[in-house]
Structure formats: structure tokens, C-alpha cells
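Would you be able to build a 3D model of this:
(chains A, B, C and D)
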There are 2 protein chains.
Amino acid sequence: MAIIVDKDKKRRDIALSCKDLLLECGIKDLTISQIAKQASIGKGTIYEYFSNKEDIVFEIITSFIEDNETRLEQVSEMNISTKEKIFSFYFLFFDDEIYKKQLNIYKEYLAISMINPTKKMIDFSQKSCKKFNDISNKIIEEAISKGELKPESINIIRHLDIYHTGLAVEEQKRGINAKQEIRNLLDSLFVLLEENHD
Amino acid sequence: MAIIVDKDKKRRDIALSCKDLLLECGIKDLTISQIAKQASIGKGTIYEYFSNKEDIVFEIITSFIEDNETRLEQVSEMNISTKEKIFSFYFLFFDDEIYKKQLNIYKEYLAISMINPTKKMIDFSQKSCKKFNDISNKIIEEAISKGELKPESINIIRHLDIYHTGLAVEEQKRGINAKQEIRNLLDSLFVLLEENHD
DNA sequence: TTTTAATTGACCGACAGTCGGTCAAAGGAG
DNA sequence: CTCCTTTGACCGACTGTCGGTCAATTAAAA
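This next block holds a predicted model:
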């Protein structure tokens, strides 16, 4: 019998080795030949582990998003006000240079998933959005139980996730500043959502 | 001198003749050869009037969006409550079958404009978003001056436009119902934004 | 007849994805 | 131990598709 490789591991290894390449080129300009070269394997081998280009890119982006979930959890445990937590949540993505690059890739991914969402993408998207909402809800519920926020806050804040996607899409095109917009919206919202203690 | 054609007119004619084709195929599966055939011209001629495929698609989509602006203006003049107007504004896009097809094309366009926004796209996007905001603001300002809504409503409602983009992007992927989501958000928001007359 | 705008489709290069074939390691028969 | 067979891993030349180009052609105006 011939050697048996760990398909899952090799799959992840190939994807991992192309992380930087993807960040550098973007999805559209990343070619399968480049990937093969970078991973030091033949082009045909790629297709032993991935069904198509989308599949590879998705694998890499999945890891970006998982990184980000970790960052979110860190924020949720920081010693800052509820408003600052929510702000950081939505701003994290637009933050520094590294994440700007990731944002660009994420945008391209959004683009693809918008046009041809595969079952895999939908499942992952729902899973990661649920996770995001869970963390966010926990923060808000805490604030409500402390009497900081009105109970209806939950049902409004939960929509911010969709707003966040919109912001990622429109930021560049509309020439708006994501940070400012989030700040502005949260400022206005929190005035309405905070319980008045008079 | 040879005949001089009206470049602008021919440009529009070519685009117009491919409206249905675009709705049927989607951007990705629409080929230049198909366009040339549909418009009964040679493939090379296309490039006398458009700089690339994107350029054609953009021309067609521009006309979709302009159609939509007309529909918005109609809604703004209907005899319905402020909340219903705003609801219709954001729901219009997700409405019936014809507009569902347009929405799909619009999503593909969003995808392209997200990745490679051209100067033209940015300008158009800003112009059409300004128009949208103007109509929306007028409605809200009227409601404020009538004492229906709190003054801060302006600054919150204006963000709905971005939310709307997010909804277009995420609707299918998250398996959510755009109509329900808009309804739900507006219901929650209006409770907070309506002036209490007690 | 000459000039020049307009048009055209054969052609090109890039790229995703395929396929026939090679290779090396792991049994297993003798 | 050795030689043969099996089999999964691997490969890159090749294919088909498509956006975009350009040399050749047409025909109206001067």
C-alpha cells in the first residue's frame, strides 16, 4: 500500500502557506498557479484538496474570521463601558493596517458569497454571526440587568451586525469614515437607549 | 468626412438592448459575445462605446437605479404614515419578482464596486445616495416639525441606508427575511423616536 | 479619388480546471 | 530478503472559455 497523507492537515497547510499571498494579491488576482508555487506543489495537486479556487480562498478567510472572533471575546472582557465595548466590536474590523488588508479580502469574500453562496459559506456565515450575536447580547443583557439600558436595546442593537456589513461594503465607495459613522450612530442610539435615572 | 454617429445615443441603445439579457444571465455569466449578438453589432464595436465589460454593466444598472429613484419619489408622495413611508423606502428593493431579479444584479454590482470601485461608480453612488437621503430627510423633517418624531430621528434614520445595503448583502446568506427585519427594526426604533404626547 | 470615421470578427493571452500518466512506498508471495 | 503488484499522491501539459485587441474592410463625405 502507498502512503496515506492526512488530507485535512495538508489542506490546512496549503491554505495557511498562502495567507500572506492572499492578503497581498487579493482574491481576484490570486492565481491557482501562484498558489501551487507558493505551496511548492503541482497545480493538479491543489485540486486533490480543494474543489475550486473559491474553496481555497474560503478556507483562508475562515481562519481570518476565527482570529477575529478571538479578538472580539477579548474586547468583551475588557474593563470599559458597555458603549465602548459595542463600539470596539464594530470598529475592530476597520482598525489598523493589518486588519484593513483583511477587510479588503473579507470584502471580496462578501462579494463572492453574495453572488454564489455555497452551502458551506451559508453555514459558516450563520455560525459566525450567531457567535457574534451571542457575545453582543451578553454584554447588552448585562447592561439591562444593571439598569443601564432599556430592555428594548437588545432588539435594536442586534441589527447593528447587518449595519456593520453595509458599512464594510459602502465605506470606500461613499467616501465615509467607518469609525465616525459607528461613533455617531452609537452616540445617538445610546441617548435613546440609556435608562434615565432622575 | 464619414458619417458621425451619436456616440452617447448608441451607447445607451446598446446598453438598453441588453437589459433583459443582463437580468436573465447575471453579470458573471453575461459574455461580451452575447451582448454583441443581442445588440446586432460586432464584438469590437462594443469597445468603441465602452471601455470594458464593467462599463456596460454599469450603464445598465444605472438605469435600474434611476427607475428606482422614481419609485421612491412616488412613495414619498403617497398618503401613508411616516413609518409606512420609511418602511416602503427600504422594502421597495426586496419587493416583487421583477425587483428581486434587479436586486440580484444590484448585488453583483455591489460586489464589483466593492472590489474595484471606479471614479464613475463612486460619483454615481454618492449622487444616488444623496438623492435617497434627501427624500428620506424631507419625510423625517416634516414629521419632526409636526411633532410626530423627536429631532434626533434625523441622525438615526440616516444610517438606515447603510443598514439597507447590509441587508441586501446578508439576506440570502443568513437566511433572514428582509421584510421582517426592516419591519422589526422600524417598530423598535419608532417606539423610541416618536414623541410621547401625554 | 481620397480621406477618415465606423465596424468587424479572427485572433491573442490569461486563467480555471482536467486528465493521462509517473512515482514511491507499502504489502505480500516465494 | 527480494522482487512484483497495488495504490494513493502528485504533476504539468492541455483544454475550453472569455475579455479584450487590431489589421482589414466598408462606405460616406469631401
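
C-alpha only now, for contacts and for neighbours.
OK.

host element of the spatially most central residue of chain A?
Geometric centre of chain A, nearest residue: A:Ile65, 4.4 Å, by CA atoms, centre = their mean. Secondary structure from DSSP states H and E places A:Ile65 in helix A:53-76.

now that helix, how far from the chain's geometric center?
6 Å (CA atoms, centre = their mean, to the nearest Å).

Residues contacting it, please?
Residues outside helix A:53-76 that contact it (CA atoms under 8 Å, 6 or more residues apart in numbering or on different chains) are A:12, A:15-16, A:18-19, A:22, A:27, A:32, A:50, A:85, A:88-89, A:92, A:102, A:105-106, A:109, A:121, A:132, A:135, A:139.

Can you show me the CA trace of the helix or strand that it is followed by as PDB?
As assigned by DSSP H and E, the chain's next helix or strand after helix A:53-76 is helix A:82-91. Presented in PDB, the C-alpha positions along helix A:82-91 are these (Å, rounded to 0.1, in the frame of the first residue of the first chain):
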ATOM      1  CA  THR A  82     -20.900  49.000  27.500                       C
ATOM      2  CA  LYS A  83     -21.000  51.600  24.900                       C
ATOM      3  CA  GLU A  84     -17.200  51.400  24.400                       C
ATOM      4  CA  LYS A  85     -17.500  47.600  24.100                       C
ATOM      5  CA  ILE A  86     -20.100  47.800  21.400                       C
ATOM      6  CA  PHE A  87     -18.100  50.500  19.700                       C
ATOM      7  CA  SER A  88     -15.000  48.400  19.700                       C
ATOM      8  CA  PHE A  89     -17.000  45.400  18.400                       C
ATOM      9  CA  TYR A  90     -18.000  47.200  15.300                       C
ATOM     10  CA  PHE A  91     -14.900  49.200  14.900                       C
END
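
anything in the helix or strand harbouring A:Ile122 near chain B?
Assigned by DSSP H and E, A:Ile122 falls within helix A:119-145. Yes. Applying CA under 8 Å from any CA of the partner chain, one finds helix A:119-145 in contact with chain B at A:Met121, A:Ile122, A:Ser125, A:Gln126.

Got the confidence number for the residue in chain A positioned nearest to DNA strand D?
Scanning chain A for the residue nearest DNA strand D gives A:Gly44, at 2.8 Å (criterion: CA to the nearest atom of the strand). pLDDT for A:Gly44: 89.

Taking their axis directions, the helix or strand of chain A with the lowest mean pLDDT and helix B:97-115 sit at what angle?
Ranked by mean pLDDT, DSSP states H and E, the weakest helix or strand in chain A is helix A:97-115, scoring a mean of 81. Helix A:97-115 runs at 150 degrees relative to helix B:97-115, counting by axes from the mean of the first three to the mean of the last three CA atoms, to 10 degrees.

Only the buried residues of helix A:97-115, if you could.
A:99, A:101-115 (16 or more other CA atoms under 10 Å in any protein chain shown).

Could you do stretch A:52-70 as well?
A:Asp55, A:Ile56, A:Val57, A:Phe58, A:Glu59, A:Ile60, A:Ile61, A:Thr62, A:Phe64, A:Glu69.

is any part of it close to DNA strand D?
No. Stretch A:52-70 is not in contact with DNA strand D by CA under 7 Å from any atom of the strand; minimum separation 12.8 Å.

ok, that stretch near DNA strand C or not?
Yes. Stretch A:52-70 is in contact with DNA strand C by CA under 7 Å from any atom of the strand, via A:Asn52, A:Lys53, A:Glu54.

what do you get for stretch A:6-24?
No. With CA under 7 Å from any atom of the strand as the criterion, DNA strand C is not reached by stretch A:6-24; the gap is at least 11.7 Å.

Now do that stretch: distance to the chain's middle.
With CA atoms, centre = their mean, you get 18 Å for stretch A:6-24.

How about the residues of chain A by DNA strand C?
Checking chain A against DNA strand C by CA under 7 Å from any atom of the strand, the hits are A:1-3, A:28-33, A:43-45, A:47, A:51-54.

List buried residues within the residues you listed.
Buried residues within those, counting neighbours by 16+ other CA under 10 Å: A:Leu30, A:Ile32.

So which of the residues of chain A next to DNA strand C are in helices?
With DSSP state H as the criterion, helices contain A:Ile32, A:Ser33, A:Lys43, A:Gly44, A:Thr45, A:Tyr47, A:Lys53, A:Glu54 from among those.

Can you tell me the closest non-neighbouring residue to the second one?
Distances taken as CA to CA, 6 or more residues apart in numbering or on different chains place A:Lys43 nearest to A:Ser33, at 6.0 Å, with adjacent residues excluded.

what sits against that neighbour?
Listed by CA under 8 Å, 6+ apart, the contact partners of A:Lys43 are A:Ile32, A:Ser33, A:Ala36, A:Lys37.

let's see it at 10 Å
Shown in contact with A:Lys43 (CA atoms under 10 Å, 6 or more residues apart in numbering or on different chains): A:Ile32, A:Ser33, A:Gln34, A:Ile35, A:Ala36, A:Lys37.

Show me the two of those that sit farthest apart.
A:Ile32 and A:Lys37 (8.6 Å; CA to CA).

I'd assumed A:Ile46 was in contact with A:Lys7.
No. A:Lys7 is beyond contact range of A:Ile46, at 11.5 Å (criterion: CA atoms under 10 Å).
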